[in-house]
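K.L.:
make a model of this:
(chains A and B)
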Amino acid sequence: MKRAILLIFMFCAFPGVLAAQIGIYQHGTVVRMHMGECIPAGHGFMVAFGGASNPMGPEPCPEYTLVSNQVVFVIVGKLSNSLIPLAEAIDFRFHRNELAVRVDDAKHEAKFAIKEMMVRSEWDRLQRHIEEKMRDAEDHEAEVRLR
Amino acid sequence: MSKSLGTLFIGNRLNRLFLQLLLVTTLAHELVFGLSMPNDSGESANLTYHSTVSEVRLVFFATDEHNHAVKELQKDDFAVVDNEMVIRNFRSFTRADLIKLDVIVVMDSSESVLPQFQQEITDIQQLISQWPWRLGDKVTVLSFSGMETRLVCSGDCRSSFTTDRVHSLPSGGATPLFDAVEVATNALMQRGQPDVWRVIILFSDGDDTISKISLNEVLERILVSETQIYAVDLRSPGPPSNGTAILHKIVDDSGGRYLRIGDGAVGILISLIDDLHFAHVVTYRLPESGSDFHSIRILPTHNLKLQFRCRRGYYFRSGSADTGN
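P.N.:
Purely as a prediction, here's the structure:
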């Protein structure tokens, strides 16, 4: 009986630990971060397909570009201090309409609203295009300076 | 005759082409193998290759959840967010106490701070005499009041800063605070030493009354000059004022610290020396960006309780190989 209660407690109290043990985490890298607008309640990519998220505060919220093998996510924290550790590789999983990110060695997860999702190959192509444009602009600037 | 001249001309052109080709081939060979291949006599060819690399150098401070300096910070404990780009690959990471200091103490001698003026002079004197200066460090003192910023002593204030010298200068009148900070940042920039840590220690109540330049302009100057500002508020503790808010804004943008005259010379000195000992310097390749201004933020990679302090950003000077302090 005690074991059963303990197991139930574990399931309720440490979803992150269990998720890690079951191995349902995906891995990704945060490549961009900025403080932007919070996603108001009832908006966002996944909310359109599911339920509403919590109401947001007036302060700016951190927005991250999280790159995984197959998909690139733009995720937004619920509060200005909803930070993700910017390690080379971070663990995350889908949780209802949000992304749950492991923030410190499997003890704790933070939930982020999903603002955008893009297939990785498409995102890579877009990045290459942006880089080319920037290089062209720099070359043009250098030419103008030389004249 | 004309035929033989024509043959000679063609021959000369061929010779010239051959010589040009030989020269290009030799240069290409030298460029490719010049550094790695020894010549016939066994000596390596003394070639130096130059390339321009834009690098960002950033002085920053790390504290734990109790606001204590982190002494054993590692390279992989933090990432820099430079214009939204997350940077983890650093070229170098060292302690900042290895860098030479170029310090300018800017002292307010205007009407509004005259009641604390003597205390201010005493604190500056103690600060200069007790600071653990090293060979090559410089300290300059400026005083501002009325419409002017005046030089008290330059570079060698360890020996030349005296109370008499300060009292011989005019005091009272209006407060050209922003102009004085601009004079100090310009002086630091004009010395043009890239490998120094530029610091301004500003003693003032923050209430500018007459400057020619605006707060926004002086904030930009501070970022351009890559100077860290430590403000010592001369005001007695009380309700928040505009002056205090301005001092906070200046130190936050520059990555410095806000201190109070009430902390005493020893308290101020300890805070400054703490920063001096536990500051870190990181360098990284300049990330591509569409704008001249790069905003910076340092965030932890593992331990979210770590806090980082650095300047708000920097301006990339096109054509310069170094952009940081």
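K.L.:
looking at chain A, which residue is nearest chain B?
P.N.:
Going by CB to the nearest CB, chain B is nearest to A:Leu86 of chain A, at 3.8 Å. Where C-beta positions appear, they are placed from N, C-alpha and C, glycine not excepted.
K.L.:
which ones are touching that residue?
P.N.:
A:30, A:33, B:78-79, B:81, B:86, B:88, B:299-301 (CB atoms under 8 Å, 6 or more residues apart in numbering or on different chains).
K.L.:
need those residues in CSV (columns: pLDDT, secondary structure and neighbour count).
P.N.:
CSV is the format used below for the contacts of A:Leu86 (pLDDT from 0 to 100; DSSP: H, G, I helix; E, B strand; the rest coil; neighbours: other CB atoms under 10 Å in any protein chain shown):
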residue, pLDDT, secondary structure, neighbour count
A:Val30, 95, strand, 25
A:Met33, 95, strand, 21
B:Phe78, 96, strand, 26
B:Ala79, 97, strand, 24
B:Val81, 96, strand, 20
B:Val86, 96, strand, 21
B:Arg88, 96, coil, 17
B:Leu299, 95, strand, 20
B:Pro300, 94, strand, 20
B:Thr301, 93, coil, 21
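K.L.:
tell me the one of the residues you listed nearest B:Gly146?
P.N.:
Nearest to B:Gly146 out of these is B:Val81 (CB to CB; 43.0 Å).
K.L.:
could you count how many residues lie near the closest residue to the closest one other than its chain neighbours?
P.N.:
If you skip the residues right next to it in sequence, B:Val81 has B:Arg297 as its closest partner in space, 4.4 Å away by CB to CB, 6 or more residues apart in numbering or on different chains. By other CB atoms under 10 Å in any protein chain shown, 19 other residues sit near B:Arg297.
K.L.:
and if you look at B:Lys71?
P.N.:
10.
K.L.:
what sits against it?
P.N.:
B:Lys71 touches B:Phe278, counting by CB under 8 Å, 6+ apart.
K.L.:
could you look up the SS state of it?
P.N.:
coil (DSSP: H, G, I helix; E, B strand; the rest coil).
K.L.:
give me the pLDDT for it.
P.N.:
For B:Lys71, the pLDDT comes out at 84.
K.L.:
circling back: where's the nearest residue to the residue of chain A closest to chain B once chain neighbours are set aside relative to B:His294, distance?
P.N.:
Excluding the flanking residues, the one nearest A:Leu86 by CB to CB, 6+ apart is B:Ala79, at 3.8 Å. Between B:Ala79 and B:His294 the computed distance is 15 Å (CB to CB, to the nearest Å).
K.L.:
just to be sure, the residue nearest to B:Val81 is in a helix?
P.N.:
No. The assignment for B:Arg297, made by three-state DSSP, is strand rather than a helix.
K.L.:
contacts only, for it.
P.N.:
Contacts for B:Arg297 (CB under 8 Å, 6+ apart) come out as A:33, B:80-81, B:308, B:310.
K.L.:
including distance to B:Gly262, could those residues go into CSV?
P.N.:
Converted to CSV, those look like this (distance: CB to CB, whole Å):
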residue, distance to B:Gly262
A:Met33, 38
B:Val80, 35
B:Val81, 35
B:Phe308, 27
B:Cys310, 27
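K.L.:
just those residues now: which is nearest B:Leu286?
P.N.:
Distances from B:Leu286 to the contacts of B:Arg297, taken by CB to CB, are shortest for B:Val80, at 11.6 Å.
K.L.:
strand partners (parallel or antiparallel) of the helix or strand where that closest one lies?
P.N.:
Here B:Val80, judged by DSSP states H and E, is contained in strand B:78-82. Paired with strand B:78-82 in the same sheet, following DSSP bridges, are strand B:85-87 (antiparallel), strand B:293-300 (antiparallel).
K.L.:
flag every residue of chain A that's near chain B.
P.N.:
Within chain A, the positions near chain B by CB under 8 Å from any CB of the partner chain are A:30-34, A:83, A:85-88, A:103-105, A:131, A:134, A:137-138, A:141, A:145.
K.L.:
which other helices and strands contact whichever strand or helix holds B:Lys249?
P.N.:
In this structure, B:Lys249 sits in helix B:242-254 according to DSSP H and E. Helix B:242-254 sits against strand B:196-204, helix B:215-225, strand B:228-233, strand B:257-260, with contacts defined as 3 or more CB pairs under 8 Å, 6 or more residues apart in numbering or on different chains; DSSP states H and E.
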